[in-house]
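A.B. asks: got a sequence here, can you model it:
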Amino acid sequence: MDSTEYHRIVDRYLDDVYRTVLSCCKNRENAEDAVQNAFLKLLKLKDTEFTDSEHIKRWLIRVALNECKNVWKSFWNRNKVSFDDLDTDPSYRDEIHEELIHVLEKLPQNYRAVIHLYYYEGYPVKDIADILEISESNVQIRLKRARDKLKVLLEEE
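C.D. replies: Numbers count the residues shown, from 1 in each chain. Predicted coordinates for the structure are as follows:
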């Protein structure tokens, strides 16, 4: 299929395929993704002969609906939670840690990150360096500076 033919098919069937898939996906973004994937598959398709223009339209709709089903079956879609349903407090908050959490929130973000990863998540320095894409010595420096700042902040309280 040449470029001119492909653009003609897109111009002719895009709206029809999109409207059909939108009713299944019930979400504009997922419908757009499904339609885009269907047209990409058409572009990559080799050695397939369509009998007529209706055959192309049916094929595109079927592929786009399958893409929409894949979105609904995806791990992300099955495990997403509305922001309204989220608990605002992290699970590690309790009375004992409440004061420390408030003090940690006063630290600069780069210090909070290394403290959290090191003490709460239990990552070694090497893994923290990989996660934050900084050197191991930089992680150690940040940990040292964060501890020093924490000491000062805790003494003030």
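
A.B. asks: using CSV, write down the CA coordinates of the helix or strand encompassing Leu42.
C.D. replies: If you go by DSSP states H and E, Leu42 is part of helix 28-44. Extracted C-alpha coordinates of helix 28-44, given in CSV (Å, rounded to 0.1, in the frame of the first residue of the first chain):
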residue,chain,number,x,y,z
ARG,A,28,-11.7,9.7,24.5
GLU,A,29,-8.1,9.0,25.2
ASN,A,30,-8.4,5.2,25.1
ALA,A,31,-10.5,5.4,21.9
GLU,A,32,-7.8,7.6,20.2
ASP,A,33,-5.1,5.2,21.2
ALA,A,34,-7.1,2.2,19.9
VAL,A,35,-7.8,4.0,16.6
GLN,A,36,-4.2,5.1,16.2
ASN,A,37,-3.0,1.5,16.8
ALA,A,38,-5.4,0.2,14.3
PHE,A,39,-4.3,2.5,11.6
LEU,A,40,-0.6,1.8,12.4
LYS,A,41,-1.4,-1.9,12.0
LEU,A,42,-2.9,-1.1,8.6
LEU,A,43,0.2,0.8,7.7
LYS,A,44,2.4,-2.2,8.6
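
A.B. asks: who's in contact with that helix?
C.D. replies: 1, 6, 9-10, 14, 17-18, 21-22, 24-25, 56, 59-60, 63-65, 67-68, 70-72 (C-beta atoms under 8 Å, 6 or more residues apart in numbering). To be clear about C-beta, it is placed using only N, CA and C from the backbone, and glycine gets the same treatment.

A.B. asks: buried among those residues? Need that as a selection in ChimeraX.
C.D. replies: Buried residues among those (16 or more other C-beta atoms under 10 Å), as a ChimeraX selection:
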select :9,17,18,21,22,24,25,56,59,60,63,64,65,67,68,71
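
A.B. asks: report the contact partners of Val21.
C.D. replies: 31, 34-35, 38, 61, 64-65, 67-68.

A.B. asks: if anything else comes up later, I'll come back, but that's it for now.
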